[in-house]
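In: coords below, sequence missing:
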């Protein structure tokens, strides 16, 4: 007996949760420039002090600009005196042409000839493969500029081939069969190939203004099957899109037909495919780890067997290799915002398998204007995530970027970089699973604020996840040792010392391939020497990721905010793009 009640309930729950997250994301994106209170002002003033580039501007009076006021920039710019060119400035297309002045070689273009006496001169340009050009010039002093275009010396090549569908190439150019083609003089390598025939290469010498004729007859080749392989030898069909399939490739030498069979460890055929007639060399097909009835197959080793037969003489060829279905290979796209893979403010314990790589970028933005002027802050993050171990035990996460900010006449450019090493401690699979990793992260941030919840220093954490089907609760306590304390007070002097505090990171993650949705929160304690209490502001974010169909590209949407209180906060909105392989 089988009941559909539970399945229906979970389906309704998934749709409800998706709708909830979509509504929150839309609301956040619409309000991505929302700000209230003094938090944004304090943040920008602190970052101005930590990292600033003044933009010079005219002084103002109460009535506006004062054109009579002497203007002195905040930064003195030294501009060296430009070198004055005297003589002949010779340029050409193509460049690298030899220049002769009065029959004397003076160099190659682009070229400036100094100390030229006034009067009439003979100027000649020469380059192999081009017609030379000679002109008479009259130089009267100063800088005289000349530009020349040399004409290439060419001939013609006409090739006929058997079979008539043969492909004819000369370098990177494809030549039409039986028609004259204009080519630069000199020696060239010609390639002629056709499916089912031996490829031929010839050296041809093209002479000026003449047509070179060439007739090529290709020889038939015996049918063969070779180069059978796949883009990955182990995969998990439960991963979404192309991440849950393999691309199997092989090569044939000529026309024929073939069949692919995938057999299990008991030599039972679980999937087969007929290719029809081969019409080109490279053949490929995708397999998503499912059988003929589209049912996912269990973990294990499977043999891919290709059987092919030539069309001319009936030659038979067989090739095979092994692939592995492994449900432990979990490929999920994750944010790298706060230095380690997970949600924006809460890392996950999952580890990429060895050889898997994620590259991604995130751009958030906030813009607002008020009595104090316009404020723009745009954090930009670039991340790289690499699996290090075939047993899925170790992962390296790196990120770098900057917070591009503008306030009044000041441009802030604090930058950051971090590297996190994660080691798996516990993995309990199943619908109600548990996972934990140990994480060590080294970070530098050129600002004392904490927008990224990723301050300068060395941190040790225990990212943990409780899984209930596609839903995961993330908990990540993190201890940080830093030479600086976090500060939002622009008047406070931050002294070098050893500071210790805690991050408490929590998140809710929903994986419904090809979509992922998440909400995360980061809380920070005061430095331990100041007592145990929360140090505001805290950070929170919503995010959504979508695997673009038939690709390995992910498109992401984010809403993030810093909150000091209900009367003091600001929000960011943004997007990201990444690839996972």
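Out: That came through fine. Note that this is a predicted model, so its numbers are computed, not measured. Numbers count the residues shown, from 1 in each chain.

In: now residue 340: how far from residue 352?
Out: 12 Å (Cβ to Cβ, to the nearest Å). C-beta here means a position set from N, CA and C on the backbone, and glycine is covered the same way.

In: can you find the helix or strand of the chain with the lowest average pLDDT?
Out: Across the helices and strands of the chain, mean confidence by mean pLDDT, DSSP states H and E is lowest for strand 60-61: a mean of 42.

In: let me see the domain layout of this structure.
Out: The chain resolves into domains spanning 87-149, 154-217, 225-325, 344-580 when parsed by automatic domain parsing.

In: give me whichever of the ones you listed is most buried.
Out: Neighbour counts (mean count of other Cβ atoms under 10 Å) averaged over each of those peak at domain 344-580, with a mean of 19.

In: chain center to that one: distance?
Out: Taking Cα atoms, centre = their mean, to the nearest Å, one finds the center of domain 344-580 at 19 Å from the center of the full chain.

In: same question, stretch 152-167
Out: Distance of stretch 152-167 from the chain centroid (Cα atoms, centre = their mean) equals 41 Å.

In: need the contact partners of it.
Out: For stretch 152-167, contacts defined as Cβ atoms under 8 Å, 6 or more residues apart in numbering pick out 129-131, 168, 170, 174-175, 177-185, 190-194, 197, 204, 206-218.

In: among the residues you listed, which are in helices?
Out: Using DSSP state H, no member of the contacts of stretch 152-167 falls in helices.

In: return the subset of the residues you listed lying in strands.
Out: When DSSP state E defines the strands, the subset of those inside them is 168, 170, 174, 181-184, 190-193, 204, 206, 211-217.

In: residue closest to the middle of this protein?
Out: residue 359 (5.2 Å; Cα atoms, centre = their mean).

In: what is that one paired to in the beta sheet?
Out: residue 384, residue 579 (DSSP bridges).

In: for the nearest residue to residue 148 once chain neighbours are set aside, phi and psi?
Out: Computed as Cβ to Cβ, 6 or more residues apart in numbering, the closest residue to residue 148 that is not its neighbour in sequence is residue 92, at 4.6 Å. Main-chain torsions, residue 92, degrees, to the nearest 10: phi -150, psi 160.

In: quick one: pLDDT of residue 92?
Out: Looking at residue 92, its pLDDT is 95.

In: residues in contact with it?
Out: 109-110, 125, 147-150.

In: nearest to residue 373, of those residues?
Out: residue 110 (47.0 Å; Cβ to Cβ).

In: can you tell me which helix or strand the residue lying closest to the closest one once chain neighbours are set aside belongs to?
Out: Ranked by Cβ to Cβ, 6+ apart and with sequence neighbours excluded, the top spatial neighbour of residue 110 is residue 91, at 4.8 Å. Assigned by DSSP states H and E, residue 91 belongs to strand 87-93.

In: in its sheet, what does that strand sit against?
Out: According to DSSP bridges, strand 87-93 has these partners: strand 111-113 (antiparallel), strand 143-149 (parallel).

In: ok, residues contacting the longest one?
Out: This means strand 143-149. 85-93, 97, 123, 125, 133, 137.

In: if we use 10 Å, what do you get?
Out: By Cβ atoms under 10 Å, 6 or more residues apart in numbering, the list of residues contacting strand 143-149 from outside reads 84-94, 97, 99, 109-110, 112-114, 116, 123, 125, 130, 133, 135, 137-138.

In: average pLDDT across it?
Out: For strand 143-149, the mean pLDDT works out to 93.

In: next: the shortest one.
Out: On average, the pLDDT along strand 111-113 is 92.

In: ok, now stretch 516-524?
Out: 97.

In: try stretch 178-189
Out: For stretch 178-189, the mean confidence score works out to 92.

In: got it, and stretch 313-324?
Out: For stretch 313-324, the per-residue pLDDT averages 94.

In: chain center to it, what's the gap?
Out: Its chain's C-alpha centre lies 37 Å from the corresponding centre of stretch 313-324 when counted by Cα atoms, centre = their mean.

In: out of the domains of the chain, flag the one nearest residue 41.
Out: Ranking the domains of the chain by their distance to residue 41 (criterion: Cβ to Cβ) puts domain 344-580 first, at 6.5 Å.

In: what's the span of the closest one, first residue to last?
Out: With Cα to Cα, to the nearest Å applied, domain 344-580 spans 17 Å between its terminal residues.

In: ok, which stretches of the protein are helices?
Out: Under DSSP H, the chain gives helices at 5-30, 39-50.

In: picking up where we left off before, could you dump the contacts of residue 92 to JSON lines with distance to residue 444?
Out: Below are the contacts of residue 92 laid out as JSON lines (distance: Cβ to Cβ, whole Å):
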{"residue": "109", "distance to residue 444": "47"}
{"residue": "110", "distance to residue 444": "43"}
{"residue": "125", "distance to residue 444": "54"}
{"residue": "147", "distance to residue 444": "50"}
{"residue": "148", "distance to residue 444": "53"}
{"residue": "149", "distance to residue 444": "53"}
{"residue": "150", "distance to residue 444": "54"}
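
In: so which of those comes closest to residue 300?
Out: Nearest member of the contacts of residue 92 to residue 300, counting by Cβ to Cβ, is residue 110, at 65.8 Å.

In: mind listing what the closest one touches?
Out: 89-92, 95-97, 99, 147.

In: over to residue 395?
Out: By Cβ under 10 Å, 6+ apart, residue 395 lies in contact with 340-341, 349-354, 356, 358, 385-389, 420-424, 437, 439.
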